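In: Sequence and predicted structure, then a few things I'm wondering about:
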Amino acid sequence: MERIVTRFVAALRENGIRVSPGESLDAVQALALARMDGRKASRLLLRLTLVKNVNDIPTFNAVFNHFFSRFQFVEPEADLPALLDTAISDMEGEFNDLNERKDDDHDASGPLLKLDSEIRPEDLAELKSLAEIDPDDSDGNEIVVQMKGYRGKAKTPPRPTRRYTQNPLTIELGKSNSDARGVTFSPEEQAVMQEVVSKMMLRLRKDMRRMKNNQNRGKLHVIKTIQKNYRHDMVPFQVALRRKRREKPRLVVLCDVSFSVSHASRFMLLLLHTLHNQLLDVRSFIYNRDLAEITEMLANMPVNDLMETIDRGDIVDLDENSSFGQVFLKFKKKYLENLRGRPAFIILGDARNNYDEANDWVLDEIREKSRYMLWLTPEERETWSRGDCLMDIYGSYCDKVEVVKTVDDLSLVVEDLLRDIYADQAHPIDRKLLREAKAAETYAPEDYYRRGANAGSEPVFDPEGRSHW
Amino acid sequence: MITQQAVMDFLRAGGYIADNAIATAVFLAIRMEKPILIEGPPGVGKTGLAKALAAALDFPLVRLQCYEGIDEGKALYDWEYGKQLLYTQLLRTQLDNYLSVSADLREAVERLSSEESLFFSKNFLVQRPILRSFLSEKRSLLLIDEIDRADDEFEALLLECLSDFQVSIPELGVIEARRKPLVILTSNGTRMISDALRRRCLYLYIGYPELEREVAIVRTRFPDLCEELARQMVEFLRQARELNLRKPPSVSETLDWAQVLSILKATELTPEVVVSTVGVIAKHQTDLQKVTELAARELG
């Protein structure tokens, strides 16, 4: 029994469920304790002890079914010889298939003989599936080689899509990478995003908590101190300080939803609104040639519905050419007046203005009203002044221009930004701590040795690196 | 020697209708002395299971409600400063006498420190839920409710308690559980619980019950509600759960609704009845509308 369990655990691990040795011990113990009557009960026992996450349950069920399907449950009173006969004839059926193919190729070879001696149904199934993959010109030897290759392929993760893709920007979200319009987020994509965001939250939360503790520094809260020290006979061992009120950092996001960057925009919107309630106060706008605020809609509508609405062009017309100049002008007229509290400003777009008026002076005004201005573009730096791209002009108004190509890039940029914003508001001590933490992060010991070697030579072009202005 | 069936039976006697998975988990938890971590949507009877179990097994229920910022002073133990101070005040004369024998300050300090353990003894220890359940004379049931609300630090603190059933107190040393309690942790999944904690527990996911079990739950709680109506309302609620509501109606809503219907002495589910009682099952404005639409469509 222990061997069966360990092999089953190995199968689970192969399928990505993490099972610790202690848990497999639990499973053995549980199986010994409870009477096993039937497949369902044993599956229940194994599931209770081995699976520790809801999301793993379907995988577990699949692995269980697959793993234990090779051990058929046989009724004790069943006619064993008859069963054996049917099994043999079943297998012969499989062999016939192979034999035919072999005859076609006029080539008898070793591995088939080996198959003869210890054949298992799943091997046959695998061989059969191979036949479907590569039906032509395969003899026995090749089958073995290909089988290895086939197995290996299944295990290696899907090849990462190339990050060099220029235009339009595609974002790696799980496997589906279609850039067609009208695509909403699939559950996997949302899961990926959830993961990105939760990782980010984890990293940020540590800093935030530390800062919160320090932010407590304020005037003495007399009443609370007395209350707290009542049990110490009013000797103020524990001091309660007034908490300084701090507002959530404000953020304004302008997202281009035209075809070229729409995928990135959607991710951006989703990302910021996942953060919205916890860390930020976000106002979101989308634009193409027109500009519209969607903060309310994002708060009240399911994300997928909203994305569909945007894709249908109900909010801003998607068929027009995007014009940044127009958008900035509209933003100034409609929203700039009532922009409160010096928000940080993020613009996501490729700055391709379709030869319209630049209106870059508006950016100057926006800049005055904002704490920080960040432009995110999918284009590489060398194309910034080519064609109708006005990145060079617009970029000069921004505090920072970053090139983002993937979801990871984007989340890193946002994280950095949040840190910066928080650091800006933080207590001087925290600011120092944060700076130190950041310095410790960016410093890698191997750089110390490389720096000397590279001195004088041209900096190496790093396609994954984000260029800073 | 108990079996799964026995567990199911005594839970049923306690008014809790368990399915196979729940009964097996409870059975294993009792036999293997391991905690159960229960996850699932709100209102499917995670806490209810603990309560029913405590009642059925006649274990004292010790409940620890987790919240953000809970720490060992609230969960494990605390020192009773006030009592310590009071005792030093009251015992001042005794102390004076005791210390007056000593010749100098050094000796006095030594004498006093040799008696220090008096002030850090169990007399001055406030037992918080976990320690209380460990030290209880009878085997108890420790319910750690909504663990996902606590911080990760607190989770780490629980690791020692849950795997070895002991509490380390620096002043007293390690205190082991007198009787290992049956531990039930519940989580609503608002935060991922760490793998370290999951590993120490049996994992039970309680989802929405299947039709028959839900009807049985309603019938045991409200025997005066007629069978047809119970079935009708459960079926309706199952459809409502498919509607993608912001807060899908859970078992607790089913029971509330059953109570309301039995108070209203309703005999059949009609759109009018649903509309007049919709507030019991739908808790958001958008949900209200969806549920009323469903009622008009399905029952009208």
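Out: Now that the structure is in, tell me what you want to look at. Numbers count the residues shown, from 1 in each chain, chains lettered A, B, ... in the order given.

In: mind saving the C-alpha coords of the stretch of helix or strand residue B:229 belongs to as PDB?
Out: Following DSSP states H and E, one finds residue B:229 within helix B:227-241. Provided in PDB are the C-alpha atoms of helix B:227-241 (Å, rounded to 0.1, in the frame of the first residue of the first chain):
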ATOM      1  CA  GLU B 227     -41.600  18.700   2.000                       C
ATOM      2  CA  GLU B 228     -42.700  20.100  -1.300                       C
ATOM      3  CA  LEU B 229     -42.100  23.700  -0.300                       C
ATOM      4  CA  ALA B 230     -38.700  22.900   1.000                       C
ATOM      5  CA  ARG B 231     -37.800  21.100  -2.200                       C
ATOM      6  CA  GLN B 232     -39.200  24.000  -4.300                       C
ATOM      7  CA  MET B 233     -37.300  26.700  -2.400                       C
ATOM      8  CA  VAL B 234     -34.100  24.700  -2.500                       C
ATOM      9  CA  GLU B 235     -34.400  24.200  -6.200                       C
ATOM     10  CA  PHE B 236     -35.100  27.900  -6.700                       C
ATOM     11  CA  LEU B 237     -32.100  28.800  -4.700                       C
ATOM     12  CA  ARG B 238     -29.900  26.500  -6.700                       C
ATOM     13  CA  GLN B 239     -31.000  28.200  -9.800                       C
ATOM     14  CA  ALA B 240     -30.300  31.600  -8.100                       C
ATOM     15  CA  ARG B 241     -26.700  30.400  -7.400                       C
END
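
In: Residues touching that helix, excluding its own?
Out: The contact list for helix B:227-241 (C-beta atoms under 8 Å, 6 or more residues apart in numbering or on different chains) reads B:208, B:211, B:214-215, B:218-219, B:222, B:248-249, B:253-254, B:257-258, B:261, B:266-269, B:274, B:281-282, B:290-291, B:294-295, B:298-299. To be clear about C-beta, it is placed using only N, CA and C from the backbone, and glycine gets the same treatment.

In: now, which of those residues lie close to chain A?
Out: The subset of the contacts of helix B:227-241 within reach of chain A, by C-beta under 8 Å from any C-beta of the partner chain, is empty.

In: Which pLDDT value does the model give residue 15?
Out: You didn't say which chain, so I picked chain A. Residue A:15 carries a pLDDT value of 85.

In: Let me rephrase: I mean chain B.
Out: 84.

In: My assumption is that it lies in a strand; please confirm.
Out: No. Per DSSP: H, G, I helix; E, B strand; the rest coil, residue B:15 lies outside any strand segment and is coil.

In: contacting residues for it?
Out: Contacts of residue B:15 by C-beta under 8 Å, 6+ apart are B:52, B:220-221.

In: so where's the chain shaky on pLDDT?
Out: Unless you meant another one, I'm taking chain A. A:36, A:70-217, A:244-248, A:263, A:273-279, A:421-469 (pLDDT under 70).

In: Switch to chain B, please.
Out: B:1.

In: quick one, strands of it?
Out: Taking DSSP state E, the strands of chain B run over residues B:36-39, B:61-65, B:77-79, B:125-127, B:141-145, B:166-169, B:173-176, B:182-187, B:202-205.

In: Figure out which of the ones you listed is closest to chain A.
Out: strand B:202-205 (4.5 Å; C-beta to the nearest C-beta).

In: who touches that closest one?
Out: In contact with strand B:202-205 (C-beta under 8 Å, 6+ apart) are residues A:26, A:48-49, A:51-54, A:57, B:21-22, B:25, B:28-29, B:32, B:34-40.

In: Pull out the buried members of these.
Out: Buried by 16 or more other C-beta atoms under 10 Å in any protein chain shown: A:26, A:48-49, A:51-53, B:21-22, B:25, B:28-29, B:34-40, out of the contacts of strand B:202-205.

In: sorry, back to before: are any of the contacts of helix B:227-241 buried, and if so which?
Out: Buried by 16+ other C-beta under 10 Å: B:208, B:214-215, B:218-219, B:222, B:248-249, B:253-254, B:257-258, B:261, B:266, B:269, B:274, B:281-282, B:290-291, B:294-295, out of the contacts of helix B:227-241.

In: So which bits of the stretch 1-150 of chain A are right by chain B?
Out: A:18, A:20, A:22-23, A:26, A:29-30, A:33-35, A:40-41, A:44-45, A:47-49, A:51-54, A:57.

In: Take those and keep only those in strands.
Out: When DSSP E is applied, those are split such that none fall in strands.

In: Can you name the residue of the stretch 301-450 of chain A nearest to chain B?
Out: Chain B sits closest to residue A:302 of the stretch 301-450 of chain A, with a gap of 8.1 Å, by C-beta to the nearest C-beta.

In: how many other residues sit next to residue B:117?
Out: 10 (other C-beta atoms under 10 Å in any protein chain shown).

In: OK, contacts around it?
Out: residue B:171.

In: cool, residue B:296 as well?
Out: Here residue B:296 is in contact with residue B:271 (criterion: C-beta under 8 Å, 6+ apart).

In: Tell me which residues of stretch B:168-179 come out buried.
Out: So, applying 16+ other C-beta under 10 Å, buried residues of stretch B:168-179: B:169, B:175, B:177.

In: Give me the contacts around that stretch.
Out: By C-beta under 8 Å, 6+ apart, the list of residues contacting stretch B:168-179 reads B:77, B:117, B:120-122, B:125, B:131, B:133-140, B:160, B:164-167.

In: Give me the buried subset of those residues.
Out: B:77, B:125, B:131, B:133-136, B:139-140, B:165, B:167.

In: From these, pick the one nearest residue B:188.
Out: residue B:133 (22.3 Å; C-beta to C-beta).

In: Which parts of chain B belong to which domain?
Out: Structural domains annotated on chain B: B:4-75+B:128-205, B:77-124, B:211-299, as defined by automatic domain parsing.

In: Can you tell me which of those is packed in deepest?
Out: Stretch with highest mean neighbour count among these: domain B:4-75+B:128-205 (a mean of 19; mean count of other C-beta atoms under 10 Å in any protein chain shown).

In: gap between the two ends of that one?
Out: Using C-alpha to C-alpha, to the nearest Å, one end of domain B:4-75+B:128-205 lies 17 Å from the other.

In: related to what we said a few turns ago, okay, and which of the contacts of residue B:15 map to helices?
Out: When the contacts of residue B:15 are checked against helices (DSSP state H), the matches are B:52, B:220-221.

In: Which one of the strands of chain B lies nearest to residue B:109?
Out: The nearest among these, by C-beta to C-beta, is strand B:77-79 at 21.4 Å.

In: helices or strands next to the closest one in the packing?
Out: If you count contacts as 3 or more C-beta pairs under 8 Å, 6 or more residues apart in numbering or on different chains; DSSP states H and E, strand B:77-79 packs onto strand B:125-127.

In: For the strand it packs on, give me every contacting residue.
Out: B:77-80, B:131, B:135, B:169, B:172.

In: Would you enumerate the residues in contact with the closest residue to chain A within chain B?
Out: Across chain B, no residue is closer to chain A than residue B:198, which sits at 3.7 Å (C-beta to the nearest C-beta). Residue B:198 is in contact with A:52-53, B:37, counting by C-beta under 8 Å, 6+ apart.

In: Specify which member of those is nearest to residue A:238.
Out: Of these, the one sitting nearest to residue A:238 (C-beta to C-beta) turns out to be residue B:37, at 34.8 Å.
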